[in-house]
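Visitor: Curious how this folds, go ahead:
(one chain, ligands or ions: 1)
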Amino acid sequence: MFFRELNLPDDYRSTEAATLVFQEVYGDYSERTAAELIAALSMNHVLHYGCEVYSQLLAVGSLETRFLNDGIVSANNIAVTQRLRSGGVGRQLMSFLEQESREMGANLIRLTALPTAVGFYVKVGYQPIDSKNPLELGKLL
Ligand SMILES: CC(C)(COP(=O)(O)OP(=O)(O)OC[C@H]1O[C@@H](n2cnc3c(N)ncnc32)[C@H](O)[C@@H]1OP(=O)(O)O)[C@@H](O)C(=O)NCCC(=O)NCCS
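Guide: Prediction:
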């Protein structure tokens, strides 16, 4: 499976990735247009990645590098298209993001999990990093 960096907004428009991210990660987004949401994702220090087959994005994720100087990156917007879930794609996506983070010089990748996704992250090696918030997870690289 081949992951690459995505260019916003072009890749999100052409591949309907916006739908994948917004519907599957953020739930109902009917109140906001795709353009508004793309603008919200286009933040400084955030790199977007995805796996594309025949111009359809199958999995996406982003890395926030604001604290890279401290060796920390944050993963966000992780999603695998519904029909491919439970087939190992999410694991490959996380492994790709971890490798990218390592290559950038990070030694910790952290994220805030949705309650429904905690089990997935634990399976791929993430552990709680904040005793007050069980959704805050991290993995040493
Ligand atoms: C969470 C998500 C990315 C997982 O992707 P996936 O491709 O289904 O995951 P994988 O098939 O690689 O699963 C890896 C392991 O985690 C387990 N797993 C997957 N999703 C799980 C979940 N929600 N809860 C518990 N375990 C889960 C799998 O059974 C598998 O275990 P195994 O190695 O023992 O077989 C995907 O379900 C998704 O896009 N969900 C909707 C968006 C979302 O919740 N994103 C996370 C935001 S924080």
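
Visitor: those helices in the chain, which residues are they?
Guide: Using DSSP state H, the helices assigned to the chain run over residues 10-15, 17-26, 34-41, 89-104, 118-123.

Visitor: The last one packs against which elements?
Guide: Spelled out, that is helix 118-123. helix 89-104, strand 136-140 (3 or more CB pairs under 8 Å, 6 or more residues apart in numbering; DSSP states H and E). Placement of C-beta: from N, CA and C, glycine included.

Visitor: can you tell which of the ones you listed is closest to the ligand?
Guide: helix 89-104 (2.3 Å; CB to the nearest ligand atom).

Visitor: Quick one: list the elements packing against the closest one.
Guide: Using 3+ CB pairs under 8 Å, 6+ apart: helix 89-104 touches strand 3-6, strand 46-53, strand 56-64, strand 72-80, strand 108-112, helix 118-123.

Visitor: can you pull the contacts of the residue sitting nearest the centre point of the chain?
Guide: The chain has residue 61 as the residue nearest its centroid, 2.3 Å off, counting by CA atoms, centre = their mean. When contacts are counted by CB atoms under 8 Å, 6 or more residues apart in numbering, residue 61 touches 48-50, 75-79, 93-94, 96-97.
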